[in-house]
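>>> after the sequence you'll find the predicted model.
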Amino acid sequence: MSPNFSLGSASDPAVLDKRDWIAGLEKGLSIIEAFDDAHPRLTASQAGVRCAMTRTAARRYLLTLKHLGYVASDGKLFWLTPRVLRLGQSYLESAGLPRIVQPFLQRVTAGTQESAYVSVMDGDDIVYIARNGSNRVMNTGYVLGSRVQAQVTAAGMLMLAARDETWLTHWLAAHELKAYTSYTITSKERLLVELARVRSRGWAMSEQQLELNYRGIAVPLRNRHGEVIGALSVTMPMGRESSEDAVTRVLSVLSETAQAMRNLI
């Protein structure tokens, strides 16, 4: 595998003419995104604070979303309903990539006996858009649609390493490196060293960065033009297997599978 890789320009947000910008749509979506595991229920005031809008404006958006069935309320607190899952399901059903990669993920699982994933970069996070394999007990849980900070996963490290130096400099300046375990890299200088290593060898390994005693190994997923559009990865409990043995066991399967997928995406 060539160690030289970079994300294609298609991953960069397009410039939108101000005349075409619909601020109301942006604010409505920001209200939906304000809910998370730390904020499963919000008052209008809390939603307003999280979305940088007044309580009155936030309440109007919440009531509209309630009318449309995307949130529910007891009169004071608001929370998301399962209808929100339609938004993610629309992506999974309309995007070709999740469907195309599924047979290849089955190949990886059969060849490594590990859970296999395809993920893409979205902002500061990676998002898992396809998976295959058994559900292991992990606190973080990798299910379809899961979002994880990029720097604590092998797939995310791979996609960060594929960015150019200017992009990385701006990203690091604006990004806080959160510690999930005692092993998590929180030094920006050390992270740059690790990303340079990933860039040099063309694949990534992450150990105990997000979850204790778990390891991930990832290779770039390229389209037919050679652009990196995502990552193909496996996760596994570390057990008594050394890092070197794990790489020997799974890397060739990942690399060969990624190469076989290249002309199909």
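Arrived safely, thanks for sending.
>>> what number of residues lie near residue 74?
8 (other C-beta atoms under 10 Å). Quick note: C-beta positions are derived from backbone N, CA and C, even for glycine.
>>> and the gap between it and residue 43?
11 Å (C-beta to C-beta, to the nearest Å).
>>> give the rounded mean pLDDT of stretch 126-135.
Regarding stretch 126-135, the rounded mean pLDDT is 83.
>>> now do that stretch: distance to the chain's middle.
10 Å (C-alpha atoms, centre = their mean, to the nearest Å).
>>> all further residue positions should be reported with the first residue as 9.
From this message on, residue numbering opens at 9, which makes the last subject stretch 134-143.
>>> just the C-alphas of that stretch, formatted as CSV.
Only the C-alpha atoms of stretch 134-143 are listed here, as CSV (Å, rounded to 0.1, in the frame of the first residue of the first chain):
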residue,chain,number,x,y,z
ILE,A,134,-16.1,9.9,12.5
VAL,A,135,-19.4,8.3,11.8
TYR,A,136,-19.9,4.5,11.4
ILE,A,137,-22.1,3.9,8.3
ALA,A,138,-21.7,0.1,8.0
ARG,A,139,-20.7,-2.7,10.2
ASN,A,140,-20.5,-6.5,10.4
GLY,A,141,-19.8,-8.9,13.2
SER,A,142,-20.9,-9.7,16.7
ASN,A,143,-21.8,-7.0,19.3
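>>> by mean pLDDT, which helix or strand of the chain comes out lowest?
Within the chain, no helix or strand scores below helix 93-102, which has a mean of 77 by mean pLDDT, DSSP states H and E.
>>> could I have the CA atoms of that one written out in PDB?
Taking C-alpha atoms only, helix 93-102 is exported to PDB below (Å, rounded to 0.1, in the frame of the first residue of the first chain):
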ATOM      1  CA  LEU A  93     -34.200   8.300  13.100                       C
ATOM      2  CA  ARG A  94     -35.900   8.800   9.700                       C
ATOM      3  CA  LEU A  95     -33.200  11.400   8.900                       C
ATOM      4  CA  GLY A  96     -30.400   8.900   9.400                       C
ATOM      5  CA  GLN A  97     -32.300   6.100   7.700                       C
ATOM      6  CA  SER A  98     -32.800   8.300   4.700                       C
ATOM      7  CA  TYR A  99     -29.000   8.500   4.300                       C
ATOM      8  CA  LEU A 100     -28.400   4.800   4.800                       C
ATOM      9  CA  GLU A 101     -31.100   4.000   2.200                       C
ATOM     10  CA  SER A 102     -30.100   6.700  -0.400                       C
END
